[in-house]
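Engineer: Dropping the sequence and predicted coords here.
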Amino acid sequence: RVTHRNLCNILQTAPGDMGIKPGTRVAQILSIAFDMAAWEILGCLSNGGTLLIRGKDIQETVQKADVLIATPSILNTLDANRCRQVKAAAVAGEPCPRPLADLWGSFCAFYNSCGPTETTIINTAEQHYPEKERLTIGRPTPNNTVYILDEHLRPLPIGETGEMWAGGDCVTAGYIDNAALNAERYRPDPFLGGDRMMFRTRDLGRWTETGELEH
């Protein structure tokens, strides 16, 4: 159950808003059955942009766009040299190869991001530059947090690998009519307190010294 509040938090804050404003052309290239399509479509419309709905040729659509949201595998099918008008691009859904990030990061604001559907499309993002030491999944997006915890749900020090739990406004309202799975994957958030919940991603990660996450 993804709430309007969950969606507004990513679509109305940077970098999730992707700098979209009236006059910005956003490529709509993803299947509408994929949660990232909500980022393209609703992110564009809620910020007053112009949505370019693709036909059969993704390349043709992207060549007219200012903003692009995609998976790394889709991005890898495009001729980047014909997409130099793109001002901002973001990828999620799969690990991003470093050469791909370096290529797109050389001419546009390129964001490598991460997050399962249960954390509302993405809950981490960071702009990548080719000269950066490493490619990470970034840091928590606004109003969100990520915890690196051990098996006893205790926070681990910087540099130590543990399980990633997600907290904050990104955490969705659970699975519909599945109490057993809710109990397994959603827990009361002991760090934010109150009635807030955190989500168990089951992914492993670690904090870098610069406050970014390695997946």
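Structural biologist: Structure's in. What do you need? Numbering: from 1, shown residues only.

Engineer: When you work out contacts or count neighbours from here on, use the C-alpha atoms and nothing else.
Structural biologist: Fine.

Engineer: Met198 belongs to a strand?
Structural biologist: Yes. With DSSP: H, G, I helix; E, B strand; the rest coil as the criterion, Met198 is part of a strand.

Engineer: could you check the distance from the nearest residue to Val62 once chain neighbours are set aside over to Thr61?
Structural biologist: Among residues not flanking Val62 along the chain, Ala27 sits closest, at 5.8 Å (C-alpha to C-alpha, 6 or more residues apart in numbering). Distance of Ala27 to Thr61, computed by C-alpha to C-alpha, to the nearest Å: 6 Å.

Engineer: follow-up on the earlier one: what sits against the residue nearest to Val62?
Structural biologist: Contacts for Ala27 (C-alpha atoms under 8 Å, 6 or more residues apart in numbering) come out as 40, 51-54, 61-62, 64-69.

Engineer: Which residues does it form beta bridges with?
Structural biologist: Under DSSP bridges, the beta-bridge partners of Ala27 are Leu52.

Engineer: Can you list the low-confidence ranges for this protein?
Structural biologist: For the chain, applying pLDDT under 70 flags no range at all.

Engineer: Could I get the full set of helices for it?
Structural biologist: 4-11, 36-46, 58-62, 72-75, 98-105, 179-185 (DSSP state H).

Engineer: Tell me which of those helices sits nearest to Gly23.
Structural biologist: The closest of the helices of the chain to Gly23 is helix 36-46. By C-alpha to C-alpha, the value is 10.3 Å.

Engineer: Contacts for that closest one, please.
Structural biologist: Residues outside helix 36-46 that contact it (C-alpha under 8 Å, 6+ apart) are 11-12, 16-17, 20, 26-32, 50-51, 68-70, 121.

Engineer: rerun that using 6 Å as the cut-off
Structural biologist: Outside of helix 36-46, the residues within contact range by C-alpha atoms under 6 Å, 6 or more residues apart in numbering are Leu11, Gln28, Leu30, Ile121.

Engineer: same thing with stretch 5-21?
Structural biologist: Stretch 5-21 is contacted by residues Gly43, Asn47, Gly48, Gly49, Cys170 when judged by C-alpha under 6 Å, 6+ apart.

Engineer: The nearest residue to the last one once chain neighbours are set aside and Ala173: what is the separation?
Structural biologist: Counting by C-alpha to C-alpha, 6+ apart, the nearest residue to Cys170 once its immediate chain neighbours are dropped is Thr119, at 4.8 Å. According to C-alpha to C-alpha, Thr119 stands 10 Å off from Ala173.

Engineer: These two: who's more crowded?
Structural biologist: Between Thr119 and Ala173, Thr119 has the larger neighbour count (other C-alpha atoms under 10 Å), namely 27 against 15.

Engineer: The more buried one is in contact with Val171, isn't it?
Structural biologist: Yes. Thr119 lies in contact with Val171 (C-alpha atoms under 6 Å); the separation is 4.7 Å.
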